[in-house]
Structures are given as C-alpha cells and as structure tokens.
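Enquirer: Task: produce atomic coordinates for the following.
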Amino acid sequence: MAWLLVVVAGMLETGFAVCLKLSHGFSRLWPTVAFCVFALGSFGLLTLSLRKLDVGPAYAVWTGIGAAGTAIYGMIFLGDLVSTLKIVSISLVITGVIGLQLSGSAH
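Expert: Below you'll find the model as predicted:
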C-alpha cells in the first residue's frame with residue numbers, strides 16, 4: 001500500500017509541475033489553485049508513505065515518476081521537443097524507478 005501512495009504522489013507531482021508552468025509565475029488563478037492542490041496532495045501522500053518506506057528509494061521513485069511524467073506530458077501536450085535521446089533517457093528513468101521500487105524495503 002505504501003508504494004501505491006508513492007506512485008500516486010509521483011503522478012500528482014507531474015500535475016503540480018505542469019500547473020506551475022501553466023500558472024505563468026502564479027499570475028493565472030486556476031492553474032495556481034490546481035498547483036496548490038496537486039502539491040499538497042503529492043507531499044501529503046509521500047509523507048504518509050514514508051511511515052513504512054525508507055526515504056531514499058521512496059523519494060527517488062517519487063521524483064522519477066514526477067520527472068518522467070512531466071517530460072512525457074510536455075512532449076505530448078505542450079509542444080516540448082521530442083528526440084530519440086530524450087525518449088531513451090526517460091525510459092532509463094522509468095527503469096531506474098522500477099528498480100528502486102523493487103529494491104525498497106518496507107518496515
């Protein structure tokens with residue numbers, strides 16, 4: 001269950017990163033509100049998961065999911081540059097996230 005919280009928290013991290021861009025420096029109300037909701041949800045779920053998980057693997061998985069998800073979202077919906085190197089690099093991040101999740105021990 002703790003790892004599921006980390007995965008959902010990582011997806012919410014993608015949400016708050018995208019909303020941060022869409023807020024244009026917190027000058028647009030609804031993306032700023034969404035940023036706050038996603039950020040609080042993401043940090044809250046990560047905090048709950050750390051009751052059971054080691055901080056290193058959990059934090060790495062959380063940031064990896066957020067980074068990969070944000071990069072993928074940007075390429076698909078925001079017109080970010082798509083390149084073979086970027087796709088391979090994102091695949092390596094995802095592979096690392098899976099490896100860290102599998103190596104992470106629960107208390």
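Enquirer: in this structure, what secondary structure element scores lowest on mean pLDDT?
Expert: Across the helices and strands of the chain, mean confidence by mean pLDDT, DSSP states H and E is lowest for helix 84-103: a mean of 92.
Enquirer: Off-centre distance for that one?
Expert: 13 Å (CA atoms, centre = their mean, to the nearest Å).
Enquirer: Just want the most central residue of the protein.
Expert: G66 (1.7 Å; CA atoms, centre = their mean).
Enquirer: Could you check which helix or strand contains it?
Expert: helix 55-77 (DSSP states H and E).
Enquirer: Just the CA trace of that helix, in PDB.
Expert: Extracted in PDB, the C-alpha atoms of helix 55-77 (Å, rounded to 0.1, in the frame of the first residue of the first chain):
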ATOM      1  CA  VAL A  55      13.300   7.600   2.500                       C
ATOM      2  CA  GLY A  56      15.900   7.100  -0.200                       C
ATOM      3  CA  PRO A  57      14.100   4.700  -2.500                       C
ATOM      4  CA  ALA A  58      10.700   6.300  -1.900                       C
ATOM      5  CA  TYR A  59      11.900   9.800  -2.700                       C
ATOM      6  CA  ALA A  60      13.800   8.700  -5.700                       C
ATOM      7  CA  VAL A  61      10.700   6.800  -7.100                       C
ATOM      8  CA  TRP A  62       8.600   9.900  -6.400                       C
ATOM      9  CA  THR A  63      10.900  12.300  -8.200                       C
ATOM     10  CA  GLY A  64      11.500   9.800 -11.000                       C
ATOM     11  CA  ILE A  65       7.800   9.400 -11.700                       C
ATOM     12  CA  GLY A  66       7.300  13.200 -11.500                       C
ATOM     13  CA  ALA A  67      10.200  13.900 -13.800                       C
ATOM     14  CA  ALA A  68       9.300  11.300 -16.400                       C
ATOM     15  CA  GLY A  69       5.600  12.100 -16.300                       C
ATOM     16  CA  THR A  70       6.200  15.800 -16.700                       C
ATOM     17  CA  ALA A  71       8.600  15.300 -19.600                       C
ATOM     18  CA  ILE A  72       6.100  13.000 -21.300                       C
ATOM     19  CA  TYR A  73       3.200  15.400 -20.700                       C
ATOM     20  CA  GLY A  74       5.300  18.200 -22.100                       C
ATOM     21  CA  MET A  75       6.100  16.400 -25.300                       C
ATOM     22  CA  ILE A  76       2.600  15.200 -25.900                       C
ATOM     23  CA  PHE A  77       0.600  18.300 -24.800                       C
END
